[in-house]
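S.K.: sharing a model that was predicted from the sequence below.
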There are 2 protein chains.
Amino acid sequence: MTDIHNRHSHPIELRDATVTDPFWAAEQELVRTAVIPYQWNALNDNVPGAAPSYCMHNFKAAAAQNAERHEQGKAFVPPKYTFRGFEALPEDPANPDPDKFYGFVFQDTDFSKWIEAVGYSLTHHPDAELEATADAAIDIVCAAQLDNGYLDTYYILNGMDRHFTNLKDHHELYCFGHLVEGAVAYYEATGKRKLLDAACRFADYIDSRFGTEEGRLHGYPGHEIAEMALVKLAAVTGETRYADLAEYFVWQRGQQPLYFALEDRRRAEEDGRNYEPREQNYTYYQADKPVTEQTEALGHAVRAAYFYSGVADVARITGEAALLESCETLWRNIVDRKLYITGGIGATHMGEAFSFDYDLPNDTAYSESCAAIALAFFARRMLEIQPKSEYADVMESALYNTTLAGMALDGKSFFYVNPLEVVPEACHRDERKFHVKPVRQKWFGCACCPPNIARMVESVQQYAYTVADDASTLYVHLYMGGVVSAKLGGSDVSLEVRAGMPWNGAGAITVTLPSSDEGQVPESFALALRLPAWAGGESAADSIHATGEKDSRITRTTRDGYLYLTGTWRDGDVIDFDFPMPVRMIAANPLVREDAGKVAFIRGPLAYCAEGTDNGDNLHLLHADAETIAADPDSVKVNEITFHAQAAAQDERGLGEVEPVDLPMVTLTIPAWRESSQGAADKSLYALWQPAQRQPTEVTLIPYFAWANRGETEMTVFLRS
Amino acid sequence: MTDIHNRHSHPIELRDATVTDPFWAAEQELVRTAVIPYQWNALNDNVPGAAPSYCMHNFKAAAAQNAERHEQGKAFVPPKYTFRGFEALPEDPANPDPDKFYGFVFQDTDFSKWIEAVGYSLTHHPDAELEATADAAIDIVCAAQLDNGYLDTYYILNGMDRHFTNLKDHHELYCFGHLVEGAVAYYEATGKRKLLDAACRFADYIDSRFGTEEGRLHGYPGHEIAEMALVKLAAVTGETRYADLAEYFVWQRGQQPLYFALEDRRRAEEDGRNYEPREQNYTYYQADKPVTEQTEALGHAVRAAYFYSGVADVARITGEAALLESCETLWRNIVDRKLYITGGIGATHMGEAFSFDYDLPNDTAYSESCAAIALAFFARRMLEIQPKSEYADVMESALYNTTLAGMALDGKSFFYVNPLEVVPEACHRDERKFHVKPVRQKWFGCACCPPNIARMVESVQQYAYTVADDASTLYVHLYMGGVVSAKLGGSDVSLEVRAGMPWNGAGAITVTLPSSDEGQVPESFALALRLPAWAGGESAADSIHATGEKDSRITRTTRDGYLYLTGTWRDGDVIDFDFPMPVRMIAANPLVREDAGKVAFIRGPLAYCAEGTDNGDNLHLLHADAETIAADPDSVKVNEITFHAQAAAQDERGLGEVEPVDLPMVTLTIPAWRESSQGAADKSLYALWQPAQRQPTEVTLIPYFAWANRGETEMTVFLRS
């Protein structure tokens, strides 16, 4: 008997699910053919007009230094550490010193994120040339590793005498975490251990240096990710020490005395500076207090959501209730008070951080692409602990809206910041909005977002499915065309999924089982299908029908937003689903000041927006006719169109090339009215109030992820009602 | 025959008008009894808990150095210039070095602004003790002056080898301008020439160094004010050279090659730094192009409006049409596109600057108190050129709203920034709004606003009246109780004005003329009374009646918003006025995004606002019932009350003492409705739109100048409609 109450599950192996879904397959193809090659050029400083990364330069410099270190009969003099700035650039950009470190302190992660995306891509798209390129890169990276396992070129090149002395800001453990994630992905794709072994040696070194024991460093990462990465490394290698190290990092964070404060003092003393204790914003690092005392999502949003993901991982493997409770509290705070309707988080560019409860400005939003991805990480880990559809609803929104908005439809330019309202003139002329770009950029000096989108898109099927640890249940969290295989109830089960997402809610799942000729009698197992909130939540179960239900082999139970179809499955069984996908007119909670009197439109997982391209300037004068729409849902037209994108990307030389792309798209047309602004420029700034001159009109809405693909124009997600 | 077409006028002498008006007399009394003594303590570093000014410290140090310089038989070694930061502070605050300069580069102006306010105060309130204090301070200041006339302690103490090498940022000509304004005020009040002579010597030195001639510096002030000051100095001394220097500064500004760019290059070369030409934001300084090519008000708002005031002065005295045209163009741009309804300017804290057209955010507004004062300067100068009531309307709004809001009702704390919407939590937690303070502060390190308010309030009658240059007309721009005297039509005329402003529009002006016994036959002259826009503009003329009209001695003409009452006046003639003062519900131009769908309330010159104290939290959920108010003006109640203020001021030690004050006040009560937010904190962040639950209510509005006098609370000027 299948126990559906065993709540823990794990993602499927990437190789066990293909994506044939036209929507996601197209995104993966963009990443494979456009982003990954671009990224490789970027980290080798071969993109004309773009700021050099210096990433591979640094690894090569460190490898050369290592060779010198090992050379017989030559006394190697290690460099003595000097701080050369958070981002070090060559004096003459044309002639970087081959022995020096350049770029941001975390520049090594450019490689790690690239190799991670490469690993995912190779899993489904064997590519000997790409693999050879990756192997050669790995050789360089591994040649840079010190004998003790340390592998961060910033300190290797600038002076190891100061390594692990500025965990708060110098990203060593962040670089380590990304290295692990990349190494695991590449190992799982290719079976090649070289990079994985290097990651393990670095992990071993860190494990030998950190801990609560006397004589060890009582520190933890300034930018979290190592927690998640170590849990992954433990799972792949079977080494529980790595999971223990993750657990240590999670619990130690924010303990008194605050390690970052001690570190600040120590560095000042060593530099002979006066240590001036000052109000340090340790909440930026989620390091002001222990996680179990944190009740509000605060600080740098990517750091925060990476941390919460790591906490969830540790909660899952240790079963520590206090950690799970913290995760749930922080999740609730995000979802109930700090989440954009586009699945984005991080309302303020000051510290790229969470703002206070209900402070969700549209025009100055930060909503970093990486933060939406981090939120998806957190959500999937919560799903692994407890399959509740709310986690998947939020994950789906983060993926379909802000994550995808981060990349142009041609895959060649990117948003770091994902505002919900843009007036181009404000971006150009108002310094308060300089962080908001009205068109995507080719690349970034601090290039976190493009590779993060790449690794997410290339592994998106791991967000679609998890398998119960006892192999009793396969959870379908996202509906995505493709084939997924898993061992369920003792059998090798394969599901072929067809789905029309995100454009419609119809599809089918065909079950393939080993034939009974082979003597296998499949035991009972469950397929648990998420009931999306956008389809009505639990009532969406009525839209699902399994052939096995007719002869009572399969029974249904609804729990926490999942329909569990349990019983004895037969080869060829089919589950049909046809989720309703109504256009939903949404208002924000009245405590969200910035959305007061406004509505936004959602259909399926997609948030919609209005662009000036379709609707003219001054979008603030457009009103959705909320009463009409509420009274007559059919007043909203749903249009299946071909969307003609001409992404105008910003690079350092101005607006870059235009690459037209035609894509299927569903747009909406809503009844609306426009306030007259005729002659406004000639009128006085203030005048006696008069009722607005209402001109009936329609507003065309496009999916948010597709905005800014037709040149520079106004955009808004929320419309006045 | 009086020629009312002679358009130029000049302000009355300050001594020729008293203020007995309860409203303004109370403000002046606050400044005299609270601000001026506080300011003196501040500039002598005698305010416990406040940041020291170091102003008098610097003058003393410079005076001591001067004494050393003059000492017989001792070779004085001048200091060689080293840049010690834009604000230099002692290493040990308890023991500042008596020989060193501390504070901001413009710290000398603390004295100059104080002595200016003292001069104005002594004019009407002789005070031997204050005058003795001022004389002693002047002795110290004058002792600091170099033999060549130079008088800026920043360079005197830090090294004269670099004086006049950073006009852009080092404020020498700004300090000079304030010194002149202070010296003129003190001379006019007391007849004492010592400081005026010092100012003239400094002016002479500058005049000898600057100009278009070969071998002279082709520069101009980085922070304008010298232009206005020099015109004033020329008028007081009769030295046209000073006016010529002002004219030079106005025309030279922004000419190619840009002086500030040359200066930047020269300094870099002298320092042996590489000069890297970069995009300099010279618009910040209004120095990117010549004034006659400037069509948009841009850059630092105080600098800009001080500059425009100087341009207007030069336009008036030279009659140069191109300058007047520039003034009119820039005025139109401000008034039609960049002016807050509170008379404030400078929409962004980035550079304390004008933003782009129609960008007038309420919650992140800068609207510096000094900028409103600067706008009043500009407005009065435009009035001097051409009496048009629009100038006076704007000037009145700037004075009654933002200028007065800059000071608490107890005169003991100040706003630098004057937002139109405040949510205290945002000010505390959202770094984007850290410049917005929800309560006034005791003093500022950069203490420009409090003394600027002081000098404006103490000389406010000079904004109420101007006299035509041909003595044909006395213009009444502001209605303010008091007595004003002027030579008109050959006679000494005195007007006694009674007015109920800003609470009601009724009053009377009684004319006193020398008795005909004395053989004087008064010629015809005109009294020109402004017809306020808030009273209906030209139709307000119907509310004015002069006794002399009955027997046709006096005739009326309306022109440019002024009622000219012209003819043969008799002693005892009375002009009655009773301007309607309806509550006006105002909407902003539709192109102002931040005010879309909102209304504000004005009555007379006063802008009103809603505070949480009267209306509860979440002011964004309150709606003015615009339809009802428009249909039935009587639905708005006008309440004469006693306002109980308990200003909670912020000083460096937290919220300071509370000083209760009871003041007469007119508040408004408007019909309104409130959207329900019941249980909102427990509800989800996004939900299907539903019509708002409307709860009928009333909103209490108080004058904007009185906000934040009852503790920390929400505030908004614009309400949703």
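M.R.: Structure received.
S.K.: buried stuff in stretch A:212-221?
M.R.: A:218, A:219, A:220, A:221 (16 or more other C-beta atoms under 10 Å in any protein chain shown). In this view, the C-beta of every residue, glycine as well, is placed from N, C-alpha and C.
S.K.: ok, those vs chain B, which is closest?
M.R.: Distance to chain B across the buried residues of stretch A:212-221 (C-beta to the nearest C-beta) is lowest for residue A:221, with 23.8 Å.
S.K.: so where's chain A uncertain?
M.R.: A:1-7, A:73, A:277-280, A:443-448, A:516-522, A:647-659 (pLDDT under 70).
S.K.: need the residue closest to the centroid of it.
M.R.: residue A:373 (1.1 Å; C-alpha atoms, centre = their mean).
S.K.: is chain B contacted by the helix or strand containing it?
M.R.: In the assignment (DSSP states H and E), residue A:373 maps to helix A:369-385. No - Helix A:369-385 does not reach chain B (C-beta under 8 Å from any C-beta of the partner chain); its nearest approach is 13.7 Å.
S.K.: for that helix, what is the distance to the chain centroid?
M.R.: 7 Å (C-alpha atoms, centre = their mean, to the nearest Å).
S.K.: ok, stretch A:70-80 next?
M.R.: 42 Å.
S.K.: what of stretch A:34-52?
M.R.: Distance, centroid of stretch A:34-52 to centroid of chain: 21 Å (C-alpha atoms, centre = their mean).
S.K.: which parts of it are buried?
M.R.: A:34-36, A:38-40, A:42-45, A:47, A:50-52.
S.K.: also stretch A:380-387?
M.R.: Applying 16+ other C-beta under 10 Å to stretch A:380-387 flags A:380, A:381, A:382, A:383, A:384, A:385, A:387 as buried.
S.K.: how much space between the closest residue to residue A:523 other than its chain neighbours and residue A:525?
M.R.: Spatial nearest neighbour of residue A:523, excluding adjacent residues (C-beta to C-beta, 6 or more residues apart in numbering or on different chains): residue A:489 at 3.7 Å. Here residue A:489 is placed at a distance of 3 Å from residue A:525 (C-beta to C-beta, to the nearest Å).
S.K.: and for residue A:243?
M.R.: Distance from residue A:243 to residue A:525, by C-beta to C-beta: 28 Å.
S.K.: when residue A:489 and residue A:525 are compared, which one has more neighbours?
M.R.: Between residue A:489 and residue A:525, residue A:525 has the larger neighbour count (other C-beta atoms under 10 Å in any protein chain shown), namely 26 against 22.
S.K.: who are the packing partners of the helix holding residue A:373?
M.R.: In terms of contacts (3 or more C-beta pairs under 8 Å, 6 or more residues apart in numbering or on different chains; DSSP states H and E), helix A:369-385 is packed against strand A:9-11, helix A:301-318, helix A:321-337, helix A:389-397, helix A:449-458, helix A:461-464, strand A:465-468.
S.K.: next, the angle from that helix to helix A:301-318.
M.R.: Going by axes from the mean of the first three to the mean of the last three C-alpha atoms, to 10 degrees, helix A:369-385 is angled at 20 degrees with respect to helix A:301-318.
S.K.: now the angle from helix A:369-385 to helix A:321-337?
M.R.: 130 degrees.
S.K.: so helix A:369-385 versus helix A:449-458, what angle?
M.R.: 30 degrees.
S.K.: could you dump helix A:369-385 to PDB, C-alpha only?
M.R.: Extracted in PDB, the C-alpha atoms of helix A:369-385 (Å, rounded to 0.1, in the frame of the first residue of the first chain):
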ATOM      1  CA  SER A 369      16.200  38.100 -12.300                       C
ATOM      2  CA  CYS A 370      18.500  36.100  -9.900                       C
ATOM      3  CA  ALA A 371      16.200  36.700  -7.000                       C
ATOM      4  CA  ALA A 372      13.200  35.100  -8.900                       C
ATOM      5  CA  ILE A 373      15.400  32.100  -9.600                       C
ATOM      6  CA  ALA A 374      16.400  32.000  -6.000                       C
ATOM      7  CA  LEU A 375      12.800  32.000  -5.000                       C
ATOM      8  CA  ALA A 376      12.200  29.100  -7.300                       C
ATOM      9  CA  PHE A 377      15.000  27.300  -5.600                       C
ATOM     10  CA  PHE A 378      13.400  27.900  -2.200                       C
ATOM     11  CA  ALA A 379      10.000  26.900  -3.500                       C
ATOM     12  CA  ARG A 380      11.200  23.600  -4.900                       C
ATOM     13  CA  ARG A 381      12.900  22.800  -1.700                       C
ATOM     14  CA  MET A 382       9.800  23.500   0.300                       C
ATOM     15  CA  LEU A 383       8.000  21.200  -2.200                       C
ATOM     16  CA  GLU A 384      10.500  18.500  -1.500                       C
ATOM     17  CA  ILE A 385       9.700  18.700   2.200                       C
END
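S.K.: for residue A:116, give its distance to residue B:225.
M.R.: 60 Å.
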